[in-house]
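Visitor: A predicted structure for the sequence below; I have some questions about it.
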Amino acid sequence: MFEVYAPASVGNFAVGFDALGAALAPIDGQLLGDVVAVQSATQDEFICSGEYAHKLPADPLENLAYQCLVHFREHVAPNMAAVRLELKKNLPIGSGLGSSACSVVATFAALDKFADTQLSQVELIELMADFEAKVSGGRHYDNITPCYLGGLQLTGDLIPNKSLSLPVCEQWYYVVAFPGFTLNTAKARAVLPESLSMHDSVEFAQRLSAFISLLHTQQFDAALSIMEDRVAEPHRARLIEGFAQAKQALPELGAKVMSISGAGPTLFAVCTDLTTAQQCADWLAANYINDQGFCHICQLDTLGTRVLEKEA
């Protein structure tokens, strides 16, 4: 038996709508993501457990991880031995932290290892994107690829191998706060404009390309100064109770960036020192999250999806 862990992620990353994503690792060593446990069995068996398992459909046929298992057996590895697959659902649904991507990525990575199919990076990413689309309504890679590969990823169909890893400042801290209520991804996409004006399209292209160039030339302060979401945030902010207050308070505490993680309602702030990050986390704990929410100070998870080592 082995367990595969897939980390939470921040989609869009402010400047990269549907194109940038960052994997998260809480600095206190906690695992913020889903785990899939796999072992041999006499017949295929599926179990859903974990803190948020009760938020998923009771019928396995409606569970993404089980659907991944069925598809993998039918289309990828028909001769695979029978397996007992357990999804440990540790991320809240509709949180904006790539919850569905975590389940899909962990499941396919675990099955690829179990069956020794040795799928390529592109093959796995494409397979993962197909199933994440069942929830998000489209083949968006900005949670899939950082969850799978780790780090900050520029991703999409035009990118070689579907993803390109970007350098970031090691002194950046990411404060992520899930308020304790959810936001349906389809609803969050429905409020977006169907098209952008020529001016807005050019500005988006300039902001994203400049941000990437500044990262590659290690001009990290300049990169932070243009890290702003003018595509999705203006439309989604009104859907998230408390977001406007946080948008005002966190920069006053020293946060360099504050925006929505993915489709929301989780928000994230980028800080350049741990003291500021802790001050932002304290404010969010007191003013943004309820008793069902959580807040973590993170840095990038550079490992991505991996097999968890067994304790001695």
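Guide: Done, it's in. Being a predicted model, the structure only gives us computed values, none of them experimental. Numbers count the residues shown, from 1 in each chain.

Visitor: Let me see the domain layout of the protein.
Guide: By the record's domain assignment, the chain is partitioned as 2-165+302-307, 173-299 (automatic domain parsing).

Visitor: can you tell me the distance between the two ends of the longest one?
Guide: Right, domain 2-165+302-307. Across domain 2-165+302-307, the straight-line distance between its terminal residues is 7 Å, by C-alpha to C-alpha, to the nearest Å.

Visitor: Please name the residues that touch E3.
Guide: Under the criterion of C-beta atoms under 8 Å, 6 or more residues apart in numbering, the contact list for E3 reads 35-38, 88, 110, 307-308. Where C-beta positions appear, they are placed from N, C-alpha and C, glycine not excepted.

Visitor: Show me those that map onto helices.
Guide: Among the contacts of E3, the subset assigned to helices under DSSP state H consists of A110.

Visitor: Pick the most deeply packed of the domains of the chain.
Guide: Mean neighbour count (mean count of other C-beta atoms under 10 Å) peaks for domain 2-165+302-307 among those, with a mean of 20.

Visitor: Quick check: longest helix in this protein by residues?
Guide: Counting residues, the longest helix in the chain under DSSP H turns out to be helix 198-216.

Visitor: could you dump it to CSV, C-alpha only?
Guide: C-alpha atoms of helix 198-216 as CSV (Å, rounded to 0.1, in the frame of the first residue of the first chain):
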residue,chain,number,x,y,z
MET,A,198,-8.9,45.7,-27.2
HIS,A,199,-7.4,47.9,-24.5
ASP,A,200,-8.0,45.4,-21.7
SER,A,201,-6.7,42.6,-23.8
VAL,A,202,-3.4,44.4,-24.6
GLU,A,203,-3.1,45.4,-20.9
PHE,A,204,-3.5,41.8,-19.8
ALA,A,205,-0.9,40.6,-22.3
GLN,A,206,1.5,43.3,-21.2
ARG,A,207,1.0,42.6,-17.5
LEU,A,208,1.5,38.9,-17.8
SER,A,209,4.5,39.0,-20.1
ALA,A,210,6.2,41.7,-18.0
PHE,A,211,5.6,39.7,-14.8
ILE,A,212,7.1,36.6,-16.3
SER,A,213,10.1,38.6,-17.7
LEU,A,214,10.7,40.3,-14.4
LEU,A,215,10.7,37.0,-12.5
HIS,A,216,13.3,35.5,-14.9
